[in-house]
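1. Quick check, what structure comes out for this input:
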Amino acid sequence: MISLPYLAIACLSSVAAHWVTVTVDASKSLGPLPQTSRFFGCDEPNEATQLNGSALIKELGELGPSQTYFRTHNLLTTGDGSPRLKWGSTNAYTEDGAGNPIYNWTVIDNIFDTYLERNVKPYAQIGFMPKALSTNPDPYEFYFDETLSYNVIFTGWSYPPKSYQKWAELVYQWVKHSVERYGAEEVNSWYWEVWNEPNIPYFNGTEYDFLILHDFAVDAVRRALSTARIGGPEIAGGGTGTSGDYLRQFLQHTVDGQNAATGQIGTELDFISFHAKGSPIYINATAATPEHLQMNVSAALQNARDAFNVIKEFPTLDHLPVIIGEDDPDGCAACASPAYGYRNGIVFPSYTAESFVRQLDLAAEYGIDLQGTLTWAFEYDGRKYFDGLRVLTTNGIDKPILNIFRMFGKMTGNRVQARSSAQLALQDVVANSVQNATDVGVLASSDESSGKVAVMIWHYHDDDLPKPDAQIEVDVHGLTKNCKSVKLTHYRIDDNHSNSYTTWLEMGSPQQPTTEQYETLRTAGQLQTVSRAKRVRVTGGELRVSLSLPIHGTSLLVFEQ
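-> Here you go, the predicted model:
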């Protein structure tokens, strides 16, 4: 399908026109725009210190003026620090022959130094269980590739500790060391949380076991730094079924349960976290449609909605910030299947725009302070180009998904009123996803300090199938009355812009690109504009522009005085 990324004052025409009106009022503030997209994470902590990993950390630190955070598993896992799929280790804790603890922070320090030197802060996960502390240590290490069953990973690291006192002392010593190394003010700016998805086999204990584990860890953090920011429980799923029961019981325990570490009532939280995942499928050909990938954004939105419902059951907690600690189109970054075929191209960024903004809208509806929507994707060294795993870069080449975060990073100040005539009702998307009409969504911001107005527009459908381009007329109101013109920069993600994948395909999919090809791919992976910036006339505080947006394309219009 050929994209028509032309931008002009006059409206465009198309044989198969899908006409849309977008209206933005820059004078009608909806409050500060939450910078939720600034969170990332992965299973493999040691990748951050590799050549491509540290380069990507630097890119994440440069996404925008708001602070970027990084969450990773395996920061306390036993091993030699070698990265591989779904595995990492730091050897932070071992014991001598008499069972005395030996602490070694070298690998963790190297990881966190890599973050901080590149303007990224830790979202520090306290886990997993060191081999010397595990109640079921063997087997401990595992080997995983994208063809294996996910269950092979749940080995000795996933069990409760033999001694909660030794577990607590490990956490205390880690936080104490962090304060000594980086200073209390710096560590106070991090997020801390305990474990990952304890309601599935990531934790091979009961919920009661996890509450004990959590209480001892939180108390240890507070003893080392009373003002540290710590939350949880990072459960898989939202607030329905067993996930909802787990979240409800966890929150109830933090309110009025007996704290296993202190003997007091309750466990203080600074934020609440859970995970939300989409549910893509691959549909076989029928008489009506060819075989194709179908996303399901409603699955993640329902996770969020249901968790919000549980949180609102606790009036003493519903003021707390909320972070969706993993927020992705599917459940396994290191797995590959036809249903995960969205990862290389433009479906991924358009899905992310759709889901992240809809979650902001849900949070506003529930009165939830949503602070983060964390993308669980990073990079893997030594893999084939565009191998189909959920990553942000491939061999140092930025994939289209990274550019949606560059777009979000350019939106600062207040969220302002914006409507699209082709944006589906929020509750319809939550209930039914986007499987009938396409959704042309809009998010707008206005930053008085810089005089900048930004308008993001995306054209989304769950089906990865051809659809007519959306012919969009954008009306912006509420600009400064004495302003005669503004500079317009039009950023775009589509098949022809900000897309290293289509460039790679056009090259013949080389697995050993030449130096010239590699540099071409690097350039293609950056956020690109449709054309050179231009001046647009403003009359009476209003302007009008038009654009054509292909299916799964995303545009960001930035107006500056």
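2. Would you map the helices across the stretch 451-561 of the chain?
-> 500-506, 515-524 (DSSP state H, counting those that start in this stretch).
3. Return the most buried member of those.
-> Most buried of those, by mean neighbour count (mean count of other C-beta atoms under 10 Å): helix 500-506, with a mean of 19. (Each C-beta comes from the backbone N, C-alpha and C, glycine too.)
4. list the helices and strands that one packs on?
-> Under the contact criterion of 3 or more C-beta pairs under 8 Å, 6 or more residues apart in numbering; DSSP states H and E, the helices and strands touching helix 500-506 comprise strand 397-398, helix 515-524.
5. Redo those as CSV? Include distance to Val545 and mean pLDDT.
-> Supplementary listing: the helices and strands packed on helix 500-506 in CSV, determined by distance: least, C-beta to C-beta, whole Å; pLDDT from 0 to 100:
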stretch, distance to Val545, mean pLDDT
strand 397-398, 28, 98
helix 515-524, 26, 98
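6. What's the local residue count around the closest residue to Gln258 other than its chain neighbours?
-> Taking C-beta to C-beta, 6 or more residues apart in numbering, and ignoring the residues beside it in sequence, Gln258 has Ile265 as its nearest neighbour in space, at 6.3 Å. Ile265 is surrounded by 10 other residues when neighbours are defined as other C-beta atoms under 10 Å.
7. same question, the one 4 residues further on
-> Other residues near Leu269 come to 22 when the count uses other C-beta under 10 Å.
8. Kindly report the same for Pro321.
-> Considering only other C-beta under 10 Å, Pro321 is surrounded by 18 other residues.
9. hang on, it packs against Ser273?
-> No: Pro321 lies out of contact with Ser273 (C-beta atoms under 8 Å); the separation is 9.3 Å.
10. which neighbours do these two share?
-> Shared contacts of Pro321 and Ser273, defined by C-beta atoms under 8 Å, 6 or more residues apart in numbering, comprise Gly231.
11. related to what we said a few turns ago, I'd like the helices and strands packed on helix 500-506 as CSV, with distance to Lys452 appended.
-> Conversion of the helices and strands packed on helix 500-506 to CSV gives the following (distance: least, C-beta to C-beta, whole Å):
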stretch, distance to Lys452
strand 397-398, 24
helix 515-524, 26
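12. Quick check, central residue of the chain?
-> Closest to where the C-alpha atoms of the chain average out (C-alpha atoms, centre = their mean) is Thr375, at 2.0 Å.
13. show me what contacts it?
-> With contact taken as C-beta under 8 Å, 6+ apart, Thr375 is in contact with Ser37, Phe39, Phe40, Gly41, Asp327, Asp328, Thr352, Leu392, Ile401, Phe405.
14. Phi, psi for Val347 please.
-> Phi and psi for Val347, reported as degrees, to the nearest 10, are phi -60, psi -40.
15. quick one on the thing from earlier: the contacts of Thr375 in helices, which ones?
-> If you go by DSSP state H, the contacts of Thr375 have Thr352, Ile401, Phe405 in helices.
16. List just the nearest of those to Gln435.
-> Comparing the ones in helices among the contacts of Thr375 against Gln435 with C-beta to C-beta picks out Thr352 as the nearest, at 18.0 Å.
17. Could you check how many residues crowd around that closest one?
-> Thr352: 25 surrounding residues under other C-beta under 10 Å.
18. I'd like to know how far it sits from Tyr143.
-> Here Thr352 is placed at a distance of 31 Å from Tyr143 (C-beta to C-beta, to the nearest Å).
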